[in-house]
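Visitor: My questions are about this predicted structure, shown below with the sequence.
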There are 2 protein chains.
Amino acid sequence: MDRFLGSKRSHGILLIEGEELNHLFAKRLKAGQELEVFVEGKLYLCTLEKLSRSYASCLIKREIENPTPLPMINLYQCVPVELKNMDLIVEKVSEVGAFKLTPVISDRSFQSKGVIEKKLERWKRIALASFKQCRRPKPLDIDQPIHLKDIRADAQLNLFLDSFEKERSIKDLNLNGIKTINLVVGPEGGFTSQESEFLKSLGFLPIRLYPYILRSETASILGVGLLMNLSILSLPTYQE
Amino acid sequence: MDRFLGSKRSHGILLIEGEELNHLFAKRLKAGQELEVFVEGKLYLCTLEKLSRSYASCLIKREIENPTPLPMINLYQCVPVELKNMDLIVEKVSEVGAFKLTPVISDRSFQSKGVIEKKLERWKRIALASFKQCRRPKPLDIDQPIHLKDIRADAQLNLFLDSFEKERSIKDLNLNGIKTINLVVGPEGGFTSQESEFLKSLGFLPIRLYPYILRSETASILGVGLLMNLSILSLPTYQE
């Protein structure tokens, strides 16, 4: 079923306007057909009621409440110096199942917090586009940027990827029953040894991915995807 | 250690020229330093002997013979209609450990074999750039395009990804001792039901990835990366 972003909600009616309306025309939807509309943080199953040049009105049939797959993975992504790589990271970690992405400033990351803050709206738009396409129950949440020193190991499992670490691989993780994971991924060039020690002192476990040295964005995609696919394996109720 | 592509081999000497020479200057390597040079399908540990404006000559110390990580994964990638997406697929599946990539023409893929053939040189260049960066023992092999009907289930494990399939997930696979895997990934929109039935009749097993509907390029990256990381888990000798 097609999924659209609504612009307004008024009682039982949702409106689709602007670019999303063009998208709806392109999909050739007709009055009476069902569609999904996301508005004000909620997803609704609707019937297309009226289609005009300036808006489409949709009648809410019911709210769709899909559970978020577990574990909820919070990706702490050191922002690549090549800032445009974040576009790919946002799109892909949304698809592979991250719950939230927090941009992080570390020694070798992109440095300007102000520039990162200006990009947040762009990244949220990319996350919304991915949400429509990959059928997540909620869009990837994109948080305000933080400095590495302000990270907290506040999940049930706290990990950081480091291709220079050989201590721990993903097979050493016990994912049974884990519902929240923090995953910290370094920038191109990785963490400094001080940063690595700092993360360990906070309680983050270093892990590595096989078999080669991955670019930062590949590490994020594969790291989140692996944790999600392996965790879901250990949460059999989700399989049903 | 830095890795470069050589242009010629003559007895115990390798030459680096052209664009690779510029790369070597950019890395500020000096005579006497060690480097890795890939030429004529082999990788050598060398000492930089002489550096001039038109070439660098390198003295071979020894051939580097790293074993290729097992399993050897042959990715049969249906070519996306948005042909430029193949650039990302080539770069990323090289990093996550595919052994060979064969472009495939299917009902919903890009259709022109001639155009695909013209792109092979570009994709091989991308594979070489990735090889230098991710420290694979050999570059990703890129084969001539084939039609889906000519695929053979000639590996120990033969799989195809299909997000509409729910029969089999990656947890159902017994990867113990598997040394060769064929993985077929569909184009945007997936396989037709006839294609899916055809692949099953050949002996390919459908599997799906969790948790969402992945774009074709994401499915390839995560599919290869998962198989590689999970297989290596079941081949403990590789951990050493």
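Guide: Here it is on my side, so go on.

Visitor: So which residues of chain A form strands?
Guide: A:3-5, A:8-10, A:13-16, A:34-39, A:42-51, A:56-63, A:72-78, A:100-105, A:141-142, A:146-147, A:157-161, A:180-185, A:205-207 (DSSP state E).

Visitor: my read: A:Asp87 touches A:Ala127, true?
Guide: No. Here A:Asp87 does not reach A:Ala127: they are 10.5 Å apart, not a contact under Cβ atoms under 8 Å. Using the backbone N, CA and C atoms, a C-beta is placed for each residue, glycine as well.

Visitor: Could I get the strands of chain A in a markdown table, plus columns for mean neighbour count, distance to B:Ser54 and mean pLDDT?
Guide: Formatted as a markdown table, the strands of chain A follow (neighbours: other Cβ atoms under 10 Å in any protein chain shown; distance: least, Cβ to Cβ, whole Å; pLDDT from 0 to 100):
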| stretch | mean neighbour count | distance to B:Ser54 | mean pLDDT |
| --- | --- | --- | --- |
| strand A:3-5 | 20 | 57 | 93 |
| strand A:8-10 | 12 | 67 | 91 |
| strand A:13-16 | 21 | 63 | 96 |
| strand A:34-39 | 19 | 60 | 95 |
| strand A:42-51 | 18 | 63 | 95 |
| strand A:56-63 | 17 | 65 | 96 |
| strand A:72-78 | 24 | 40 | 97 |
| strand A:100-105 | 21 | 43 | 98 |
| strand A:141-142 | 18 | 50 | 98 |
| strand A:146-147 | 13 | 47 | 98 |
| strand A:157-161 | 23 | 42 | 96 |
| strand A:180-185 | 24 | 41 | 97 |
| strand A:205-207 | 19 | 45 | 93 |
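
Visitor: Tabulate those in JSON lines, adding columns for distance to B:Met1.
Guide: What follows is the strands of chain A, written out as JSON lines (distance: least, Cβ to Cβ, whole Å):
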{"stretch": "strand A:3-5", "distance to B:Met1": "49"}
{"stretch": "strand A:8-10", "distance to B:Met1": "59"}
{"stretch": "strand A:13-16", "distance to B:Met1": "56"}
{"stretch": "strand A:34-39", "distance to B:Met1": "50"}
{"stretch": "strand A:42-51", "distance to B:Met1": "51"}
{"stretch": "strand A:56-63", "distance to B:Met1": "57"}
{"stretch": "strand A:72-78", "distance to B:Met1": "24"}
{"stretch": "strand A:100-105", "distance to B:Met1": "29"}
{"stretch": "strand A:141-142", "distance to B:Met1": "38"}
{"stretch": "strand A:146-147", "distance to B:Met1": "32"}
{"stretch": "strand A:157-161", "distance to B:Met1": "22"}
{"stretch": "strand A:180-185", "distance to B:Met1": "24"}
{"stretch": "strand A:205-207", "distance to B:Met1": "23"}
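
Visitor: re the thing from before, for A:Asp87 and A:Ala127, work out which one has more neighbours and name it.
Guide: A:Ala127 (21 against 14; other Cβ atoms under 10 Å in any protein chain shown).

Visitor: Okay, now the unreliable bits of chain A?
Guide: Across chain A, the ranges flagged by pLDDT under 70 are A:165-167, A:171, A:233-240.

Visitor: Around chain B, which positions in it sit nearby?
Guide: A:69, A:88, A:92, A:95-97, A:133-136, A:169-171, A:209-215, A:218, A:221-222, A:225-226, A:228-229, A:232-233, A:238-239 (Cβ under 8 Å from any Cβ of the partner chain).

Visitor: Got a quick PyMOL command for the buried subset of those?
Guide: Listed next is the PyMOL selection for buried residues among these, using 16 or more other Cβ atoms under 10 Å in any protein chain shown:
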select buried, chain A and resi 69+88+92+95+96+97+133+134+135+136+169+170+209+210+211+212+213+214+215+218+221+222+225+226+228+229+232+233
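
Visitor: domains of chain A?
Guide: A:3-64, A:68-238 (automatic domain parsing).

Visitor: ends of the shortest one, how far apart?
Guide: Read that as domain A:3-64. 12 Å (Cα to Cα, to the nearest Å).

Visitor: Centre of the chain to that domain, how far?
Guide: 24 Å (Cα atoms, centre = their mean, to the nearest Å).

Visitor: where exactly do the helices run in chain A?
Guide: A:18-26, A:85-96, A:113-134, A:193-202, A:216-233 (DSSP state H).

Visitor: Tell me which of these lies nearest to B:Asp141.
Guide: helix A:216-233 (19.3 Å; Cβ to Cβ).

Visitor: now that closest one and strand A:100-105, what's the angle there?
Guide: Comparing the axes of helix A:216-233 and strand A:100-105 via axes from the mean of the first three to the mean of the last three Cα atoms, to 10 degrees yields an angle of 150 degrees.
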